[in-house]
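> Generate coordinates for the sequence data below:
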Amino acid sequence: MALHQIAFILAGLTAGGGITGYVRAGSIPSIAAGCSVGLLYALGGYRIQNRQPYGIELALLASVVLAGSSIPRAIKTQKPLPAGLGVLALFGLYNFGMAFANK
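The predicted model follows:
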């Protein structure tokens, strides 16, 4: 799977997680954070697809932000949604981190 496709998938899943947090708990910060991180992934994927600079860096930044917010929450609450977002963050960190290192 191409790197830009991974970014687009993570964008949708991250935004979906934020929307789910809003639907379940009425949390406006969840929808704002999910859509913001999803936008970073989508912008990174777009830039990667069009061979523009800073695409990998944007996707890597989105993964760092997602990991920083979801992994501690997953450990604290033991709930499936933050745990799933943490797994997505680790997946993104690995893929975009390797792409950045090999750049």
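> how close does Gly68 sit to Ala32?
Applying Cβ to Cβ, to the nearest Å, one obtains 16 Å for the distance of Gly68 from Ala32. Every C-beta, even on glycine, is put in place using the N, C-alpha and C of the backbone.
> so which strand or helix has Phe100?
Phe100 is part of helix 80-101, with elements assigned from DSSP states H and E.
> just checking, what packs against that helix?
Identification of packing neighbours for helix 80-101 by 3 or more Cβ pairs under 8 Å, 6 or more residues apart in numbering; DSSP states H and E yields helix 3-25, helix 55-77.
> Same list, those helices, but as a markdown table with mean pLDDT and distance to Leu85 please.
Shown next, in a markdown table, are these (pLDDT from 0 to 100; distance: least, Cβ to Cβ, whole Å):
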| stretch | mean pLDDT | distance to Leu85 |
| --- | --- | --- |
| helix 3-25 | 92 | 5 |
| helix 55-77 | 95 | 4 |
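> So which of these is nearest Gly97?
Put simply, out of the helices and strands packed on helix 80-101 the one that sits nearest Gly97 is helix 55-77, at 6.2 Å, with distance taken as Cβ to Cβ.
> Now that closest one: buried residues?
55-56, 58-67, 69-71, 73-74 (16 or more other Cβ atoms under 10 Å).
> Mind giving me the packing neighbours of it?
Contact partners of helix 55-77 among helices and strands, from 3+ Cβ pairs under 8 Å, 6+ apart: helix 3-25, helix 28-49, helix 80-101.
> could you dump those helices to CSV with mean neighbour count?
Converted to CSV, the helices and strands packed on helix 55-77 look like this (neighbours: other Cβ atoms under 10 Å):
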stretch, mean neighbour count
helix 3-25, 19
helix 28-49, 20
helix 80-101, 17
